[in-house]
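Trainee: Based on what follows, work out the 3D shape:
(one chain, ligands or ions: 1)
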Amino acid sequence: METAERPYWDMEIEPRLNTPEIRELQWEKLQQAIRYCYEKVPFDRQRMDKAGVGPDDIRSFDDFARAISHAGQPEVRELVEEMGSDLDKVFGALFGKERFEDLYLLTTTSGTTGIPTPYPFFRKGVERQVDIMARGSWRMGIRPGDRIGVCFGLSMHAAGTPNLLWYLNYPGVTLVPIGAEAGTERILQLMRLFKVNVFTGTPSLALHLIERAREVLGEPVASLGIKILACGAEPGAGIPEVRQRLEQEYGARVFDLGAGIGASCDHPVYQGMHWLADDFAYYELVDPETREPVPIEHGASGLAVVTPLEPEHALFFFNLRVTLGDIHQIFTDPCPCGRSGFRYKIVGRADDMLKVKGVPVYPAAIEGVIQGFVPRVTGAFRIVLKERPPRVVPPLELKVERGRDLHDHELPELEEEIREKMHKDVKVRPAITWLDPDTLERATKKTQLLEKAYED
Ligand SMILES: [Zn+2]
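Mentor: Purely as a prediction, here's the structure:
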């Protein structure tokens, strides 16, 4: 592989991302993908049969958007129940016999409730994915000679062990599989010992390492000489304040990664993640409530729905019109960074959505605003729900921890500033109850931002 400096890993496909030309290629591939899924994937065939459509009835992207409704967690859960929780049967139905026999690696999400979601990796998928992954790595500036510290969880985490596969064809890099399980002290020591210069892991771990570095290494975290932080599995690297802190403390560039297909760019202001694989996966937006298609236009938002264009090589998205439950906002105008691919920002989770006077509000968006006021607030807060979500009778009630050094007389002004910023960014004016620092419980894993103040 030619490794001389060039803008893109794939100089044939990447310059054509997000162009009418690639739409033609997508249409060709989509027709084949629909046929594959109809013939070989029982789950998809059933959905099409139920809707009364066959592959020949779908003659345009619009037909496809309306032919079958998208599927996600609830549909998979139904399937699991139907199959009496026999995961082999579930896999057979979801992935089809041919792919299932090609199963190479099996990971899951931890799953806060119920059964964990399986994330399988198939041999053929891995072979193709190394090329897609390389597009993101090249754009991030990973080059021969780099040492990548893999600091995602290595036990069953979909972003962890699979990392060891993605660089097989990538020239000259060395992987150091440290794993989040090693704990912050060992992570810091091993990164120094093995001269790791690329960190990949969750942004919250990267933040935590800043705090521990002086104690463990006797020097600030910048002393490690890390040049790239490739963060994923959590939204942090897309929150401007978090990015800024990481960049300053590490003296590194911070990138936000999404589901193996998206990577943020080098522009100093976060522009969302560039979608890097129009030739590999077909992207749509739908209204999470009406399930109607949302036109792909600059600034549009909706539930992200993805279809694999090469189903036999698929990763994360194995079926027609599937969703991981994320609400995206997209930007189709050219990015100021000059690189190709439309961009998307993760607005929140569809199942976390609240409706304040009919306006959709996501806890992640509230968190973004609150984080922007650190250190005048600690960053910890809760949304208090007086009735079963999604409906919220205004005002939206928040409990917010005041910052450690904030004086009483500064509170009213801060409260007004936060309310204004919320109104501007999230379109709600919340009522704020102030709490002392460290009142709210800190979770080690996923923080529950909603506080239930209603009877079931
Ligand atoms: Zn960009």
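Trainee: what about stretch 277-293, start to end distance?
Mentor: Using Cα to Cα, to the nearest Å, the end-to-end distance of stretch 277-293 comes out at 21 Å.
Trainee: which one's the longest helix in the chain?
Mentor: Using DSSP state H to define each element, the chain has its longest helix at helix 20-40.
Trainee: Flag every buried residue along that helix.
Mentor: 22, 26, 29-31, 33-34, 36-38, 40 (16 or more other Cβ atoms under 10 Å). For glycine as for every other residue, the C-beta is placed from the backbone atoms N, C-alpha and C.
Trainee: so for it, what's the average pLDDT?
Mentor: For helix 20-40, mean pLDDT is 97.
Trainee: excluding its backbone neighbours, what's nearest the residue in the stretch 351-456 of the chain that the ion sits nearest to?
Mentor: Closest residue of the stretch 351-456 of the chain to the ion, Cβ to the ion: residue 368 (19.4 Å). Distance criterion Cβ to Cβ, 6 or more residues apart in numbering; nearest residue to residue 368, sequence neighbours excluded, is residue 239 at 5.4 Å.
Trainee: Any idea how many residues pack against the one you found?
Mentor: Neighbour count for residue 239, taken as other Cβ atoms under 10 Å: 20.
Trainee: Look up phi and psi at it.
Mentor: For residue 239, the backbone dihedrals (degrees, to the nearest 10) come out as phi -90, psi 120.
Trainee: Okay, and the closest residue to residue 10 other than its chain neighbours sits in which element?
Mentor: Of all residues not flanking residue 10 in the chain, residue 135 sits nearest, at 5.8 Å (Cβ to Cβ, 6+ apart). Secondary structure from DSSP states H and E places residue 135 in helix 123-140.
Trainee: go on, residue 120?
Mentor: strand 118-122.
Trainee: what is the mean pLDDT for stretch 386-394?
Mentor: Summarised as a single mean, pLDDT over stretch 386-394 is 90.
Trainee: Any idea how far apart the tips of it sit?
Mentor: For stretch 386-394, the first and last residues are 10 Å from each other (Cα to Cα).
Trainee: Name the surrounding residues that touch it.
Mentor: 353-357, 361, 385, 397, 428-429, 450, 453-454, 456 (Cβ atoms under 8 Å, 6 or more residues apart in numbering).
Trainee: quick one, what contacts the residue of the stretch 1-150 of the chain at minimum distance from the ion?
Mentor: Nearest residue of the stretch 1-150 of the chain to the ion: residue 139, at 8.8 Å (Cβ to the ion). Counting by Cβ under 8 Å, 6+ apart, residue 139 makes contact with 8-9, 263, 265-266, 274, 276, 339.
Trainee: who wins for neighbours among those?
Mentor: residue 276 leads these on contacts (other Cβ under 10 Å) with 29 neighbours.
Trainee: Residue 150 is in contact with residue 159, correct?
Mentor: No. Taking Cβ atoms under 8 Å as the definition, residue 159 is not a contact partner of residue 150, at 9.1 Å.
Trainee: in which helix or strand would I find residue 213?
Mentor: For residue 213, the host element (DSSP H and E) is helix 203-217.
Trainee: List the buried residues of that helix.
Mentor: 203-207, 209-210, 213, 216-217.
Trainee: Next: stretch 90-106.
Mentor: Those would be 90-96, 99-100, 102-103, 105, for stretch 90-106 by 16+ other Cβ under 10 Å.
Trainee: My guess is residue 189 contacts residue 218. True?
Mentor: No. If you go by Cβ under 8 Å, residue 189 and residue 218 don't touch, sitting 11.4 Å apart.
Trainee: Looking at these two, which is more packed in?
Mentor: residue 189 (15 against 8).
Trainee: check contacts around that one.
Mentor: 216-217.
Trainee: Of the contacts of stretch 386-394, grab the buried ones for PyMOL.
Mentor: In PyMOL, this line selects whichever of these come out buried by 16+ other Cβ under 10 Å:
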select buried, resi 353+354+356+361+385+397+428
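Trainee: pLDDT check: weakest of the contacts of stretch 386-394?
Mentor: Minimum pLDDT across the contacts of stretch 386-394 falls on residue 456, with 75.
Trainee: Go ahead and report the secondary structure state at the residue of the chain positioned farthest from its centre.
Mentor: Taking Cα atoms, centre = their mean, the residue of the chain most remote from its mean C-alpha position is residue 409, at 39.8 Å. Following DSSP: H, G, I helix; E, B strand; the rest coil, residue 409 is assigned to helix.
Trainee: With the one 3 residues further on instead?
Mentor: Three-state secondary structure (criterion: three-state DSSP) places residue 412 in helix.
Trainee: For it, grab the count of nearby residues.
Mentor: The burial count assigned to residue 412 is 9, neighbours taken as other Cβ under 10 Å.
Trainee: Distance check, it against residue 310.
Mentor: Distance, residue 412 to residue 310, using Cβ to Cβ, to the nearest Å: 58 Å.
Trainee: Next: residue 352.
Mentor: 32 Å.
Trainee: just residue 254 next, same as before
Mentor: Distance from residue 254 to residue 310, by Cβ to Cβ: 31 Å.
Trainee: Looking at the two, which is more packed in?
Mentor: Neighbours were counted for residue 254 and for residue 310 using other Cβ under 10 Å; residue 254 has more, 25 against 19.
Trainee: which parts of the chain sit against the ion?
Mentor: Counting by Cβ under 5 Å from the ion, the residues of the chain close to the ion are 265, 271, 335, 337.
Trainee: ok, now with 6 Å
Mentor: 265, 267, 271, 274, 335, 337, 339 (Cβ under 6 Å from the ion).
Trainee: Minimum pLDDT in these, which residue is that?
Mentor: Taking these together, the minimum pLDDT is found at residue 267 (92).
Trainee: thinking that one is in contact with residue 331, fair?
Mentor: No. Using Cβ under 8 Å, residue 267 is not in contact with residue 331; the gap is 11.7 Å.
Trainee: the more surrounded of these two?
Mentor: Neighbours around residue 267 and residue 331, counted as other Cβ under 10 Å, are more numerous at residue 331. The numbers are 18 against 14.
Trainee: quick one: contacts for the more buried one?
Mentor: 271-272, 298-299, 342-345.
Trainee: what's the farthest-apart pair in the buried residues of helix 20-40?
Mentor: 22 and 40 (25.4 Å; Cβ to Cβ).
Trainee: which residue packs closest to residue 265, ignoring adjacent ones?
Mentor: Residue 265's closest residue in space is residue 337 (Cβ to Cβ, 6+ apart), at 4.1 Å.
Trainee: how about the helices in the protein?
Mentor: Using DSSP H, the helices of the chain run over residues 20-40, 42-51, 61-67, 73-82, 87-95, 97-100, 123-140, 163-166, 183-193, 203-217, 240-250, 363-371, 411-426.
Trainee: just checking, what packs against the first one?
Mentor: Pointing back at helix 20-40 there. With contacts taken as 3 or more Cβ pairs under 8 Å, 6 or more residues apart in numbering; DSSP states H and E, helix 20-40 sits against helix 42-51, helix 61-67, helix 97-100, strand 281-286, strand 301-308.
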